[in-house]
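In: sequence first, then the predicted structure, then my questions.
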Amino acid sequence: MVSIKFRTCSLGKGKRIHLHEMIHMEKVSKNSWLVIRTFNRKEMEVSAFLKENALHHFIPMTYKEKFSLKEERPRRVLVPVIHNYVFLQKPDKEQHLKTLLAQCRVPLQLMHNRDSQSPCEIDDQDMTEFRLLCDPDFNHTLFVEPDEAEAKPGKEVVVVHGPFAGVHGKLHKTNQKYYFIKTVGGISVMIHISRWYCKVLDAGN
């Protein structure tokens, strides 16, 4: 079983909270999420535009060591896990969203479902679970292509123990090790987990 570390933030007087609590404390709606595709690694510029317009969004990030000639030691910096993807929560006043996105100086587009012309939407609960698994301070996370994740056999499960309790996904076994996989909007996250931490879901669940 791997040990799990969580990013925390200070609340003053020595109190600290975990990323799990930070997400649940956010004063945002339970609206579904959309997936924005941009080009030429411009996801952070899109993020800056969304921040300027107070639009709640998420980019999976990870830590990388950055070397500089001016510094003796490398610095740990946050960088996007995968380029050209931004997850955007639908605002309450959705009717003006397309007009607003068209004002972004960076080319972008909303991802659509393959079998329809409607935008790809992600349930807020699924997105919350995905964000928890993407905590950059948890260094045992792997990100894989959805097609690769889909090809891995496994059973639908829910985590019942530990900090990820309540998260739904697929349990995959390879080389005598178990991995929990969750796919959202074109990105799959995979973590090493004990099978005893998971409960297999019935087909009707």
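Out: It's in.
In: for the nearest residue to K155 once chain neighbours are set aside, give its distance to V160.
Out: Leaving aside its chain neighbours, K155 sits nearest to V200 (5.1 Å; criterion: Cβ to Cβ, 6 or more residues apart in numbering). C-beta coordinates here come from the backbone N, C-alpha and C atoms, glycine included. Going from V200 to V160 by Cβ to Cβ, to the nearest Å gives 10 Å.
In: same question, F39
Out: Applying Cβ to Cβ to F39 and V160 gives a distance of 41 Å.
In: for K182, same thing?
Out: Counting by Cβ to Cβ, the gap from K182 to V160 is 15 Å.
In: so between those two, which is more surrounded?
Out: Neighbour count, other Cβ atoms under 10 Å: between K182 and V160, K182 has more, with 22 against 13.
In: doesn't that one belong to a helix?
Out: No: checked against DSSP: H, G, I helix; E, B strand; the rest coil, K182 lies outside a helix; its state is strand.
In: what mean pLDDT does the helix or strand containing R131 get?
Out: Using DSSP states H and E, R131 maps to helix 124-133. Averaging pLDDT along helix 124-133 gives 92.
In: number the residues from 45 up from this point.
Out: All right, first residue 45 from here; so that's helix 168-177.
In: how about it: buried residues?
Out: For helix 168-177, the neighbour count (16 or more other Cβ atoms under 10 Å) marks 168, 170-177 as buried.
In: right, and the residue nearest to K199 touches E200 too?
Out: Yes: between V244 and E200 there is a contact under Cβ atoms under 8 Å: 7.3 Å.
In: hmm, back to that, packing partners for the helix holding R175?
Out: Applying 3 or more Cβ pairs under 8 Å, 6 or more residues apart in numbering; DSSP states H and E, one finds that helix 168-177 contacts helix 63-69, strand 129-133, strand 212-218, strand 221-228, strand 231-236.
In: what are the pairing partners of the longest one, and which direction each?
Out: Using DSSP bridges, strand 221-228 pairs in its sheet with strand 212-218 (antiparallel), strand 231-236 (antiparallel).
In: any low-confidence regions in this protein?
Out: The chain contains residues with pLDDT under 70 at 45-73, 247-249.
In: how close does the most centrally placed residue in it sit to K243?
Out: Central residue of the chain (Cα atoms, centre = their mean): R175, 3.8 Å from the mean position. Counting by Cβ to Cβ, the gap from R175 to K243 is 22 Å.
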